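**Student:** Generate coordinates for the sequence data below:
(2 chains)
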Amino acid sequence: MLVQFANWVQGELACSPALAKIVGILLAAVPLATVFALCFAFTTWLERKGLARIQNRIGPNRVGPFGLFQPIADGIKMITKEDIVPRSSDHFFHLIAPLLVLVSSMACLAFIPFGLGMTMSPIDTAVVFFFAILGMNTLAVFLAGWASRNKYSLLGGMRAVAQMVSYEIPLVLSAVTVVMMVGSLDTREIVGAQVVEGWATSENSGLRFLGQIAGWHVFTPWGFAGFIIFFIAALAETNRSPFDLPEAESEIIAGYVTEYSGFKFALFFLGEYIGAFAVLGLAITLFLGGWNGPNFQPWWSSDPHALLIPGFVWFFFKMFVLMAVLIWIRGTLPRLRVDQLMSFAWKFLLPLALVNVFVAGFLFHVAKEDRVWASVAAFVFLYLVAKGLSRMNQSDAPAPRKYHFAE
Amino acid sequence: MTMESSVVAGSEPTVEPRGFELIEREGLETNLLEVSMGPHHPSTHGVFRMDVKLDGETVTELRPVFGYLHRNHEKLAEDMGYLGSMPFTDRLDYFCSMTNNWAYALAGEKMIDLEVPERAEYVRVIMAELTRLVNHIMLVGFFVNDLGALGTPLLYALREREKILDLFEWASGARMMCNYMRFGGLRNDLPEGWLTKCREVVDAFPYFLDEYEKLLVENEIILVRTQNVGVLKPELAINAGITGPMLRASGVNYDLRKVDAYGVYDRFPFRVPMGEVGDCYDRFMVRILEMRESIKILRQAMDELPEGPIMGEAPRVFKPPAGEIYGRIEGPKGELGFYLVSDGTAKPYRYRVRPPSLVNLTVLEDLCLGHKVADAVVILGSVDIVLGEVDR
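**Tutor:** Reported below is the predicted structural model:
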């Protein structure tokens, strides 16, 4: 609907190309910013409620039904709060850092196809751009840590840089497999490649139904391993538990956000969640079929491409499922230590991601009739590699101990 | 506090760190990052401060600073009657008011050779072991919280603690500041139906422990974070006067319930869990295992609880003969002792608490050196301190 509206406006403004361009950008950017700000508000509510249920509490339930308006109340609180800037901080960079986090995260969203024709910036090299802009996040976080002139902030910033730089490599390498197999850096083509073409347009509704799922990359050996690597690295990239070291509360207070209050803190918070949405959105695009999902033929249409459930509904459904997994992990796991975090990235994820790239390359060249056994073999091989790597890393593997008692 | 970045060109490192060499390259002089963790820090368990010098993230020097919660406890007690400071002992280690009461009562009773009736002794054992459950479960909860588990294990622990605090409230009128014991016995008898309720709570506790152990003990992140972190050697532990679960985690068999057999502890066959390595994991496990033993003691004490008076022949005015006495019990955190000097008047001449938290804290630097900041927090959590007791 929105897409149609946008196209209609573009058509009306065809007489003045410059104006049409500006309006077009606004038409794409404003809904994006609005929808994701709302998603963020809902996610904070979901997170607080979910964590509360995990922890045997009730969670927010005062403001609105089920506490649903809590994020709005929080927002008002954040805006009206005093903005404290430490006297010895670098005021300019202290101000810039939260903006940079938000902008870079928001910009990442531009390359995610939320539905058919719903990519804000449909370019050929979307995946590369995505990672390039995501990298700016690291810079912003370190800027915040450095500009605050607080030792905890500095520690948090240092941790953030080390962590985000090392986890970016497995993140990108796992995305490389998809790019290799699809042969395109365009996110729309990657989504399109995950539909089994013959099935998705067939007359048989069962086959149509399956055709929307069966092609997901996560069901291939390299895609499966890739998805897991991507997901773990995404946790680290977005500073989510158990990799939330840059803002580890019990160790360094709040890390790089220690000296932020009021709206600047809210911007950090927003930027972080938008960043998580963006990375999850890319995970969905690369591995989980993008906006494809089990779908039916609408009764009013005979067009074989018509869908009963719009694509973006599937996309946001998948995104919130993944977000719920993040919340679940946050409520469950303790935090890793800095050195363990690093060795996990460099000694486990990176080699596994490299092996995965080779496996993907191997499968690419396997003839079609040999695909099945090759896939099984690849699954087994990847499993063994993962097992072996974890064995190699744990030469003095920690284990539960037996205790004796004195009478 | 002066702010300085980790790299300051052209400045000399002020203090030579012990056992660590600064990385020095040509044209680059490095300085240690000095961080004052606390007194307001989310995981220093109150108003405790650690002055830490960091080389990157590694702790090269650590100075514990305490006294922010000093409340003049000892001097106050020296200025009032003996019984008058019984409620103040509640505020020492506010998780374990029952055992604090008992240690003070024990010292007073020793002064005038007061006989405690059997029922009172049994109730004291029940209360002390319930306190041990409360303390250990809270310790484990906070410990895993320090590891970064965002409150989930802590809130599970709080849920169980609540049930025991309800029992305390029913018996003594207060959830935390119980003020339940007196020289010669107890303030009041157990209310009717208390024992049934207590039995319910104690019977349900092992199921909770099973669940808790299943979630935590074999968790891989907890294993890598705690094993071989903050190793306390038995020699150092003995020399530093460490007591309680922390000492036993280092493999030294010393439990005052066995050694002194005060009260009626000699009637309960229980085992003392021992650690071997003396790291954080051992300290964590020893506490979990101790809780299981406490449940055994509790069950037996509730079964054998005799009828009878709850108060001995205590004098109206507590005026002990001149002399000095040291009464001690095995508190949940270690040896809790009260040293009283009497000059024959109704006020103690000297009143001194031997707080296990404070003594156990003295080895903190030895445990933390060479580990990461994150470990320092975990090690502090495993020591089990309550600032009310450390600072008094």
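
**Student:** Just the pLDDT at residue 13, thanks.
**Tutor:** You didn't pick a chain, so chain A it is. At residue A:13, the predicted lDDT confidence score is 61.

**Student:** You answered for a different chain; I wanted chain B.
**Tutor:** Reported pLDDT for residue B:13: 43.

**Student:** Low-confidence ranges, chain B, go.
**Tutor:** For chain B, the stretches with pLDDT under 70 are B:1-29.

**Student:** Any idea which residue of it lies closest to chain A?
**Tutor:** Here the residue of chain B nearest chain A is residue B:148; by CB to the nearest CB that distance is 2.6 Å. C-beta: built from backbone N, CA, C; applies to glycine.

**Student:** Quick one: classify that residue as helix, strand or coil.
**Tutor:** coil (DSSP: H, G, I helix; E, B strand; the rest coil).

**Student:** Touching, it and residue A:252? I think so.
**Tutor:** No: the criterion here is CB atoms under 8 Å, and residue B:148 misses it with residue A:252 at 11.2 Å.

**Student:** do you know how far whatever residue of the stretch 301-407 of chain A ends up closest to chain B is from residue B:174?
**Tutor:** Across the stretch 301-407 of chain A, the shortest distance to chain B (CB to the nearest CB) belongs to residue A:335, at 2.6 Å. Distance, residue A:335 to residue B:174, by CB to CB, to the nearest Å: 36 Å.

**Student:** could you point out where chain A is predicted with low confidence?
**Tutor:** A:1-17, A:117, A:198-206, A:208, A:296-307, A:395-397.

**Student:** Tell me which stretches of it form strands.
**Tutor:** A:404-406 (DSSP state E).

**Student:** which one's the longest helix in it?
**Tutor:** helix A:17-54 (DSSP state H).

**Student:** hmm, that one in reach of chain B?
**Tutor:** Yes: Helix A:17-54 reaches chain B (CB under 8 Å from any CB of the partner chain) through A:51, A:54.

**Student:** and that helix, how far out from the chain's middle?
**Tutor:** Taking CA atoms, centre = their mean, to the nearest Å, one finds helix A:17-54 lying 14 Å from the centre of the chain it belongs to.

**Student:** Which residue is the nearest non-sequential neighbour of the residue of the stretch 301-407 of chain A closest to chain B?
**Tutor:** Nearest residue to residue A:335, sequence neighbours excluded (CB to CB, 6 or more residues apart in numbering or on different chains): residue B:148, at 2.6 Å.

**Student:** so what's residue 268 up against?
**Tutor:** Picked chain A for this. For residue A:268, the contact set (CB atoms under 8 Å, 6 or more residues apart in numbering or on different chains) comprises A:98, A:101, A:144, A:257, A:260.

**Student:** meant chain B, my bad for not saying
**Tutor:** B:125, B:296-297, B:300-301.

**Student:** Residue B:327 too?
**Tutor:** Neighbours of residue B:327 in contact, by CB under 8 Å, 6+ apart: B:103-104, B:106-110, B:337-338, B:340.

**Student:** Who are the contact partners of the residue nearest to residue A:335?
**Tutor:** A:241-242, A:244, A:248-251, A:334-335.

**Student:** So which of the residues you listed is the closest to chain B?
**Tutor:** Checking the contacts of residue B:148 one by one against chain B (CB to the nearest CB), the nearest turns out to be residue A:335, at 2.6 Å.

**Student:** burial of the closest one, as a residue count?
**Tutor:** 25 (other CB atoms under 10 Å in any protein chain shown).

**Student:** go on, residue A:247?
**Tutor:** Residue A:247: 21 neighbours (other CB under 10 Å).

**Student:** And whichever residue of the stretch 1-150 of chain A sits closest to chain B, its phi and psi?
**Tutor:** Nearest residue of the stretch 1-150 of chain A to chain B, counting by CB to the nearest CB: residue A:55, 4.3 Å away. Main-chain dihedrals, residue A:55, degrees, to the nearest 10: phi -90, psi 20.

**Student:** Could you tell me how many residues sit around it?
**Tutor:** 18.

**Student:** pretty sure it contacts residue B:153?
**Tutor:** No: using CB under 8 Å as the test, residue A:55 is too far from residue B:153 to be in contact (9.0 Å).

**Student:** Residue numbers of the stretch 101-250 of chain B in contact with chain A?
**Tutor:** Residues of the stretch 101-250 of chain B lying near chain A (CB under 8 Å from any CB): B:144-152, B:155-156, B:159, B:217-225, B:227.
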